[in-house]
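[1] Next comes the sequence, and after it the predicted model I'd like to discuss.
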Amino acid sequence: MTLVYAGVCSHGPGITGRAERADPVLKAAFYDAYSGMADAIKASEAQTLLVVAAEHFANFFMDNMPAFAMGMADWYEGPIEDPDWLKIPLRRAPGNKSLSKRLIEHVMQSVDVAYAEEWKLDHGVMVPLHFLSPNNDLELIPCNINCQGPPLAPLQRAWAFGEALRAACDAVPERIALVGTGGISHWPATPDSGKINEQFDREFMRRWVHGERAALIDYTDADIYSEAGQGGFEIRTFISVAAAAHGPGEIQFLEPIPAFATSAVVASKAIN
């Protein structure tokens, strides 16, 4: 078994870009939880950070929108956004093309997955990377689940992608940490930006903690859009981690932070 860590976290750009606007007590607790995730990954002796995110038209658009994609390069550069706006410096993160290729080949046995040898990192990866590998000491493999361009990958396929990632990780000798990142309820770039549905978020994370597959994939896109906004489609990344880990979860932090325009979350899964 070489999947050595599994967890999920928020990636909203406000987490770094608008940090000064957040309640300082909540922000400190959230940042502490992120630091705890970084410590747990370090303790796992992971060599590679496999980040499953929803990228925001940085690399894929409606002329070519894969349901699932993985990076296959020796390095990745980001953020694609203005570093002064995101408050994360531009950097080149190390990749591992050989490992990516082996993982992709294994995932392809059960899930159709695209790959890209060039991949620009937006806040969906850069915010977690800022906290989890600030010194570029982990190799990065970015993954994308289409959460932004309908028709979206069905939730049961997001689960299947997570199962395929787990099988691929367990087929290679390298030690891999898997992190799913996104938002729960949020309404980015709309008049409702900043709105948070705490009830939806807590119920979703309850299902995630207990690994309730049937309940996690029971949401319809209409339900998600109504209750959690178009940003809520990113629950697909969390679902993939639940499928990969198999074990029960634990929430290290879950609180709505309006300045970040989402419920901020850090949670981990036992690997069974």
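    Arrived safely.

[2] from what I can see Val8 touches Val179, true?
    Yes - contact criterion CB atoms under 8 Å: Val8 and Val179 qualify, at 6.9 Å. Every residue, glycine included, has its C-beta placed from N, CA and C.

[3] quick one, which of these two is more surrounded?
    Val8 (31 against 27; other CB atoms under 10 Å).

[4] Need the overlap of contacts for Val8 and Val179.
    Residues touching both Val8 and Val179 (CB atoms under 8 Å, 6 or more residues apart in numbering): Val241.

[5] what kind of secondary structure is the closest residue to Ala19 other than its chain neighbours in?
    Leaving aside its sequence neighbours, Ala19 sits nearest to Lys27 (CB to CB, 6 or more residues apart in numbering; 6.2 Å). Assigned state for Lys27: helix (three-state reduction, DSSP: H, G, I helix; E, B strand; the rest coil).

[6] doesn't Ile257 make contact with Lys27?
    Yes - counting by CB under 8 Å, Ile257 is a contact partner of Lys27 at 7.1 Å.

[7] Look at those two and report which has more neighbours.
    Each of Lys27 and Ile257 has its neighbours counted (other CB under 10 Å); Ile257 has more, 24 against 19.

[8] Quick check: the gap between that one and Ala28.
    According to CB to CB, to the nearest Å, Ile257 and Ala28 sit 11 Å apart.

[9] So what's the residue count around Thr163?
    Careful, residue 163 is Glu; it's not Thr. The burial count for Glu163: 16, using other CB under 10 Å.

[10] Where does pLDDT dip in the stretch 151-272 of the chain?
    Along the stretch 151-272 of the chain, no part satisfies pLDDT under 70.

[11] for it, what spans make up the strands?
    With DSSP state E, counting those that start in this stretch, the ranges of strands along the stretch 151-272 of the chain come out as 176-182, 246-257, 262-271.

[12] Done for today, thanks.
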